[in-house]
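# Generate coordinates for the sequence data below:
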Amino acid sequence: MRYDREHLETLLAVVEHGTLDAAARRLRVTPSAVSQRLKAFEQQLGRVLVVRSKPARATAAGEALVRMARQLALLEHEADQALGTGDGPTTIPIAVNADSLATWILPALERVARTHPVVFEIHRDDQDHTAGWLAAGTVMAAVTSQAEPVPGCTSTPLGRMRYRPRAAPAFAARWFPDGADAASLALAPVVVFDEKDQLQSDYLGMVTRRRLDPPRHRVPASADFAAAVRLGLGWGMLPDAQSDGTVLVDTRRDIAVALHWQQWNLRSPLLDAVAAEIVATAHTVLGGRVAGEGGVSRPPGVSRTASAAG
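So this is what the prediction gives:
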């Protein structure tokens, strides 16, 4: 089936901007024109493409067409650049987990933006859920704990982000004078990212082989989480890149989360340039394997989350 470019652009604008009015401003037409185009597109295909909620969201059929619209926009931009007719950068949306965003990925993106006509739209989410943004067509690439490629995408291992139990020196001296054990961990306050964060609970299970319920501080932002640990609110599982000002409360145990780079399976020099920089940086920072004796590799579904997406 041939798809009308105007219809695809309209669908993409509605999904990206959330309302018909906002899409109309983006396309410089009236809201009535947006509504008519969307209705005509749905009638042509015989299926609903957008749920008229606030914000509007694509149906399963709409997601496939949103993905196509984004891919066409990227290819058109690259053709313009090759012909010297391009008039600005293209936007590449990426889904990234909070700890990667706070530690290693931004310098890689800056190096790409320095040499290529691109701006990035970063959606922050848990690494176990970023692949869903790819499947929905909302992003072109994602850092994810999912190794199996999303349909229509490729998957490349990045390495493992290593988390170790850390605390401020004064906190460790007060709560763990003889080291972390079941008795001290049952009482010592702990910092967690949010109610979905299982890293600390997994560590407690490794040490005690039973479920503990110590006092918990919830700090749902990666940099602030690390700051809370450094300030002595509680102990927490930190990646090595955020360990300054803290001490290890256990030198024998760590948890490593495997990360992967997934992107559209599309021949795009620009997207490939982003991938090359991301993969090279990750391999340098993350190392590509679990480091440290006693480390435990964590399966998808039990990782630290971000407080919000988008």
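# Give the pairing partners of the longest strand anywhere in the chain; include direction for each.
The longest strand of the chain (DSSP state E) is strand 153-167. Strand pairing for strand 153-167, using DSSP bridges, gives strand 236-239 (antiparallel), strand 247-248 (antiparallel), strand 254-264 (antiparallel).
# Only alpha carbons, please: show it as CSV.
What follows is strand 153-167, C-alpha atoms only, in CSV (Å, rounded to 0.1, in the frame of the first residue of the first chain):
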residue,chain,number,x,y,z
CYS,A,153,16.1,-3.5,15.2
THR,A,154,19.7,-4.6,15.8
SER,A,155,21.2,-5.3,19.2
THR,A,156,24.8,-4.7,20.3
PRO,A,157,26.3,-5.6,23.7
LEU,A,158,27.7,-2.5,25.5
GLY,A,159,29.1,-4.1,28.7
ARG,A,160,28.0,-4.4,32.3
MET,A,161,27.3,-1.6,34.7
ARG,A,162,28.7,-2.7,38.0
TYR,A,163,27.0,-1.7,41.3
ARG,A,164,28.7,-2.0,44.7
PRO,A,165,27.3,-1.3,48.3
ARG,A,166,28.7,2.0,49.4
ALA,A,167,28.2,4.6,52.1
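# May I see the buried residues of the very next helix or strand once past it?
Once the chain leaves strand 153-167, the next helix or strand it forms, by DSSP states H and E, is helix 169-175. Residues of helix 169-175 classed as buried: Phe171, Ala172, Trp175 (neighbour count, 16 or more other C-beta atoms under 10 Å). Heads up, the C-betas are built off the backbone N, CA and C, glycines and all.
# Closest one of those residues to Ser222?
For Ser222, the nearest member of the buried residues of helix 169-175 is Phe171. The distance, counting by C-beta to C-beta, is 19.6 Å.
# Pull the contacting residues for the closest one.
Ala188, Gly232, Gly234, Trp235 (C-beta atoms under 8 Å, 6 or more residues apart in numbering).
# Looking at it now. What's its pLDDT?
According to the model's per-residue confidence, Phe171 sits at a pLDDT of 98.
# ok, now Ala23?
Ala23 carries a pLDDT score of 91 in this model.
# For ChimeraX, what selects the buried ones among the contacts of Phe171?
Applying 16+ other C-beta under 10 Å to those leaves a buried subset, and the ChimeraX line that selects it is:
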select :188,232,234,235
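# Same list (the contacts of Phe171) but as JSON lines, adding distance to Ile105.
Conversion of the contacts of Phe171 to JSON lines gives the following (distance: C-beta to C-beta, whole Å):
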{"residue": "Ala188", "distance to Ile105": "32"}
{"residue": "Gly232", "distance to Ile105": "28"}
{"residue": "Gly234", "distance to Ile105": "27"}
{"residue": "Trp235", "distance to Ile105": "26"}
